[in-house]
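> Predicted model, plus sequence, below.
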Amino acid sequence: MHITYYRIASCISIATHRCISTHRCIVGVRVDRRRETTRKAVPMTTQTTPPGPTRQDAPGDIDFVSPHGEPDTLAHYAGPLLVIQLVRYFGCLPCREYLEGLDARSPELEVLGARALAIGGSADYQARWLLERGVRMPLLLDPEQRFREWVGMGDLSSRQLMSVAGMRSYASAVRNGYRLQKPTQDRKKSPGVVVLSEELELLWTHEGKAMGDYPPLDDLIATVTELAAGQGA
């Protein structure tokens, strides 16, 4: 197991960025320059009220590209509810494992009036490979990361990229038969899931604090069930 972690860690580039989590936030409080910085862990629940878009783009106006290079928009998929997985990149092992699980359970979402799709920033060839493997839900590319910026999701910090939880997610994917693909420029991005309304308004968001930190599928479907009831879907 130590060897597996070493190989995984060697493939990951480190980047320092802000720390965001929908479950727990570590807050540092500086008391005095001569005193040691104290840190307090403040537990938080899964975010069901979105923080609000961080830029003026409307999601319906963002231009996406299909894995085959065709222009696309979210308006083509809008329905009572739209469940979107934001992958780090389409070759990321935990992202692929979650994506295939979400795709397999898409019929359960469709019963609720929801549709699932995934958005990544680069590597159209990796997205095409997933389609060739039998993934049925739409996969879109957003090279400028406009949608990710709109929902307010950013990068994982250096510590988050190398966290034990992230290493375990990678090791689990390897044990389940997934093999590493070429990391891309988006390997620092945080994983996440969002739910949009028929008007493409942000209803619910989860931003992971480690690689592979996606909400359990059972929990996600339960959340969508509640949102569908509230929307009258």
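Structure received. Residues are numbered from 1 along each chain as shown.

> which stretches of this structure aren't confidently modelled?
Applying pLDDT under 70 to the chain picks out residues 1-57, 232-233.

> mind listing the strands for it?
Secondary structure of the chain (DSSP state E): strands located at 24-29, 38-43, 64-65, 71-72, 81-86, 114-120, 139-141, 192-197, 202-207.

> and the fifth one, how far from the chain's centre?
The chain centroid and the centroid of strand 81-86 are separated by 9 Å under C-alpha atoms, centre = their mean, to the nearest Å.

> Direction included, what does it pair up with?
Next to strand 81-86 in the sheet, as set by DSSP bridges, lie strand 114-120 (parallel), strand 192-197 (antiparallel).

> Mind putting these into a markdown table with distance to residue 228 and mean neighbour count?
The way it works is simple: take the backbone N, C-alpha and C, and place the C-beta from them, glycine included. Shown next, in a markdown table, are these (distance: least, C-beta to C-beta, whole Å; neighbours: other C-beta atoms under 10 Å):
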| stretch | distance to residue 228 | mean neighbour count |
| --- | --- | --- |
| strand 114-120 | 7 | 24 |
| strand 192-197 | 10 | 23 |
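
> Quick one: the ones you listed as TSV, columns for distance to residue 209 too.
Formatted as TSV, the strands paired with strand 81-86 follow (distance: least, C-beta to C-beta, whole Å):
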stretch	distance to residue 209
strand 114-120	19
strand 192-197	10
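
> Indicate which one of the ones you listed is closest to residue 151.
strand 192-197 (5.4 Å; C-beta to C-beta).

> can you list the residues that contact that closest one?
Identification of contacts with strand 192-197 by C-beta atoms under 8 Å, 6 or more residues apart in numbering yields 50, 59, 74, 78, 80-86, 114, 151, 153, 202-208, 214-215, 220, 223-224, 227, 231.

> now the angle from that strand to strand 202-207?
Interaxial angle of strand 192-197 relative to strand 202-207 (axes from the mean of the first three to the mean of the last three C-alpha atoms, to 10 degrees): 180 degrees.

> what about dumping the CA coordinates of the longest helix anywhere in the chain to PDB?
Counting by DSSP state H, the longest helix found in the chain is helix 217-231. Output of helix 217-231 as PDB, limited to C-alpha atoms (Å, rounded to 0.1, in the frame of the first residue of the first chain):
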ATOM      1  CA  LEU A 217     -24.400   8.600  -4.700                       C
ATOM      2  CA  ASP A 218     -27.100   7.500  -2.300                       C
ATOM      3  CA  ASP A 219     -26.900  10.900  -0.500                       C
ATOM      4  CA  LEU A 220     -26.900  12.800  -3.800                       C
ATOM      5  CA  ILE A 221     -30.000  11.000  -5.000                       C
ATOM      6  CA  ALA A 222     -31.700  11.700  -1.700                       C
ATOM      7  CA  THR A 223     -30.800  15.400  -2.100                       C
ATOM      8  CA  VAL A 224     -32.200  15.400  -5.600                       C
ATOM      9  CA  THR A 225     -35.400  13.700  -4.400                       C
ATOM     10  CA  GLU A 226     -35.900  16.600  -1.900                       C
ATOM     11  CA  LEU A 227     -35.100  19.200  -4.400                       C
ATOM     12  CA  ALA A 228     -37.500  17.600  -6.900                       C
ATOM     13  CA  ALA A 229     -40.300  17.700  -4.300                       C
ATOM     14  CA  GLY A 230     -39.600  21.300  -3.700                       C
ATOM     15  CA  GLN A 231     -39.600  22.100  -7.400                       C
END
